[in-house]
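**Q** Make a model of this:
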Amino acid sequence: MKRAAELELALAPRAEGVTLQRWLCGELRAAILAGRLAPGCRLPSTRDFARQQAISRGTVVAVYDQLIAEGYLSGATGSGTTVAAALPIAAAGTAQPRTSTAPGVARAAAADRAETDDAAANRPRLSRQGQLLANSPFLSREGMVLGRPFSPNQPDLGAFPHAVWQRLTHQQGRGLRPDDMGYGDGAGHLPLRRAIAEHLRYSQRIDCHAGQVMILSSAQQALDLCARLLLDPGDTALVEDPGYPGAARLFELGGARVQGVPVDRLGLCTDALPTAADARLAYVTAAHQSPLGGTLPLERRLALLAWAEAGRRIIIEDDYDGEYRFDGAPLPALKSLDRHDRVIYLGTFSKLLFPALRLAYAVVPEWLAEPFASAISLTVRHAPILPQAVLAAFIGEGHFARHLRQMRRLYGERAACFQHECATQLDGLLTMLPITTGLDATALLPRGSDDRAVAAALGAWGVEARPISFYDMGQPAPPGLVMGFSACNEAAIRRGMATMAPVLESFNAAAAGNRGRATAGV
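**A** Sure thing, here's the model as predicted:
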């Protein structure tokens, strides 16, 4: 048996950004748990170990002390440092010394796979909610490369008034008093809530006050709280189909049964709304249907409100980018027509300003204000105060309204360019739906196209697009693409369209050949 001074371990390379002490602690723990350092084994002296690893003795002393404190090692004056006889994890039945008698690489690989399977079988399981949380629809979108045409949902961050925002941030930071640095109101910073209520009164014709405005970190958080407050397991939540999958997943988390309602190019088909008693709420994107882009007409809005009132139901109106309307005056928000406190109106600054701000809001009925504020306080306490104060000043000084006017004009010009270039360069390859609102355009592909395959092929050539099938809620959606034009100047739009043309031509030619062979077979 080797003497302690001769004992050397094969240590894994230290990862970038990991401190020496943390790395060495981890390696020694792993060696003990794997049985490479058995109970009672004597470790080299701190001086010898430091020399072996070419590190300072002080680092080794700190590592030994840490592992002694955790119970992995034992140390006594004159006796040196040894692996603890009773490891702190032994009672939990974790790692035991591994032995293998299987010769050859193939058998070793099989043993490793079996060990991995055993570990997977023995690890704690995710709950039902955990399984849904671990299957986010947004993970697939993280692969999109921002700055490439035509990433959806992207405001033009270069056009944002950075200097104004920076000045207000410094101003609000300098003015922060001790009284402002404690816990705040769960509903949010009162000046911001007042500013939002005032803005909505003239921009969306929503008659509300600050007590109804709840400040959140995102529309997703608002949907999560709506589901917790309003849905019991077994209740039915209605969503547009195709529609926004982030809402459906959150309703499912609460045990609700999610049911899709068909949409057409005008939005939700209100004549298809179910009247069953367990239909508790409906989620709609009335100003700009996601993903087909329609604007819900007045008669359907009134029909939806009548449906909610008849069954004592709730409507969640997600107005994620409706402030950017290019074709005529915007219709009044669904919330502005609500006379029976049935509508929760959601807005976010991610599309109107910039996503990293992480601020959104909900305008709730009077009867829901106190429970909603309590739910925020219980789950996250409140949103950060300083960004709220900066945003309140940004709105109060008129910068927000000015920015919206400028971006509405800029995005309108880009929407017109996008439609023109599509008609010029992609004629016959796809059908562009009218662009009246928002940051994105929707185009339909020929019937029978695989829009996911088309989107993947475009991505390989540097063009980002989201397939409409991403938004499927149960019934097949027409194949097509959702593309963002708002963050692209006219030159980038033209280049992107030129890149798309040969890719779409190849897919259309293949689809035509398949249709021809199918016809010949018949």
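
**Q** Strands of the protein, start to end?
**A** 73-76, 80-83, 213-216, 236-241, 257-264, 267-268, 279-284, 314-318, 343-348, 360-363, 431-432, 440-444, 466-467, 480-484 (DSSP state E).

**Q** Just want the angle from the last one to strand 440-444.
**A** Relative orientation of strand 480-484 versus strand 440-444 (axes from the mean of the first three to the mean of the last three C-alpha atoms, to 10 degrees): 160 degrees.

**Q** contact partners of strand 480-484?
**A** With contact meaning C-beta atoms under 8 Å, 6 or more residues apart in numbering, strand 480-484 is reached by 149-154, 291, 418, 430, 439-445, 451, 454-455, 458, 464-468, 470. (Each C-beta comes from the backbone N, C-alpha and C, glycine too.)

**Q** Check the fourth one too.
**A** The contact list for strand 236-241 (C-beta under 8 Å, 6+ apart) reads 227, 231, 247-248, 251, 256-263, 267-268, 273-274, 276, 278-285, 289-290, 472-475, 477.

**Q** same thing but at 7 Å, please
**A** 231, 247-248, 251, 256-263, 268, 276, 278-285, 289, 473-475 (C-beta atoms under 7 Å, 6 or more residues apart in numbering).

**Q** CA atoms of that strand as CSV?
**A** Output of strand 236-241 as CSV, limited to C-alpha atoms (Å, rounded to 0.1, in the frame of the first residue of the first chain):
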residue,chain,number,x,y,z
THR,A,236,-61.9,24.3,-19.0
ALA,A,237,-59.7,27.1,-20.2
LEU,A,238,-60.3,28.2,-23.8
VAL,A,239,-57.4,29.3,-26.1
GLU,A,240,-57.2,30.3,-29.7
ASP,A,241,-56.2,27.5,-32.1
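
**Q** Start and end of stretch 354-363, how far apart?
**A** 21 Å (C-alpha to C-alpha, to the nearest Å).

**Q** quick one: low-confidence parts of the stretch 201-350 of the chain?
**A** 329-330 (pLDDT under 70).

**Q** Identify the residues contacting the closest residue in space to Cys422 that isn't next to it in sequence.
**A** Distances taken as C-beta to C-beta, 6 or more residues apart in numbering place Met432 nearest to Cys422, at 4.7 Å, with adjacent residues excluded. Applying C-beta under 7 Å, 6+ apart to Met432 gives the contacts 419, 422, 441, 443.

**Q** Pass me the low-pLDDT residue ranges in this protein, would you?
**A** 1-9, 77, 87-121, 138-147, 329-330, 511-522.

**Q** If we use 50, what do you get?
**A** 1-5, 89-109, 140-144, 518, 522 (pLDDT under 50).

**Q** Distance to Ala34 added to the strands of the chain, as CSV?
**A** Formatted as CSV, the strands of the chain follow (distance: least, C-beta to C-beta, whole Å):
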stretch, distance to Ala34
strand 73-76, 15
strand 80-83, 12
strand 213-216, 46
strand 236-241, 49
strand 257-264, 46
strand 267-268, 58
strand 279-284, 50
strand 314-318, 51
strand 343-348, 49
strand 360-363, 47
strand 431-432, 60
strand 440-444, 52
strand 466-467, 45
strand 480-484, 49
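
**Q** Need the residue in the protein that's farthest from the chain's center.
**A** Gly78 (57.1 Å; C-alpha atoms, centre = their mean).

**Q** where's that residue relative to Leu296, distance?
**A** 83 Å (C-beta to C-beta, to the nearest Å).

**Q** that older thread, drop anything exposed from the contacts of strand 236-241.
**A** 231, 247-248, 251, 256-261, 263, 268, 279-285, 289, 473 (16 or more other C-beta atoms under 10 Å).

**Q** how far away is the residue farthest from the centre of the chain from Gly173?
**A** Distance from Gly78 to Gly173, by C-beta to C-beta: 57 Å.

**Q** now His382
**A** 18 Å.

**Q** dump the residue contacts of Val463.
**A** Val463 touches 148-150, 496, 499-500, counting by C-beta under 7 Å, 6+ apart.

**Q** rewinding a little: ok, His382 and Gly173, which is more surrounded?
**A** Ranked by neighbour count (other C-beta atoms under 10 Å), His382 and Gly173 place His382 first, with 20 against 11.

**Q** give me phi/psi at that one?
**A** His382 adopts backbone torsions of phi -170, psi 170, taken as degrees, to the nearest 10.

**Q** The closest residue to it other than its chain neighbours: neighbouring residues, count only.
**A** In space, and not counting its chain neighbours, His382 is closest to Gly184: 4.7 Å by C-beta to C-beta, 6+ apart. Residues near Gly184, counting by other C-beta under 10 Å, number 18.

**Q** separation between Gly184 and Ile196?
**A** 16 Å.

**Q** and Ala487, how far is that from Ala219?
**A** Applying C-beta to C-beta to Ala487 and Ala219 gives a distance of 20 Å.
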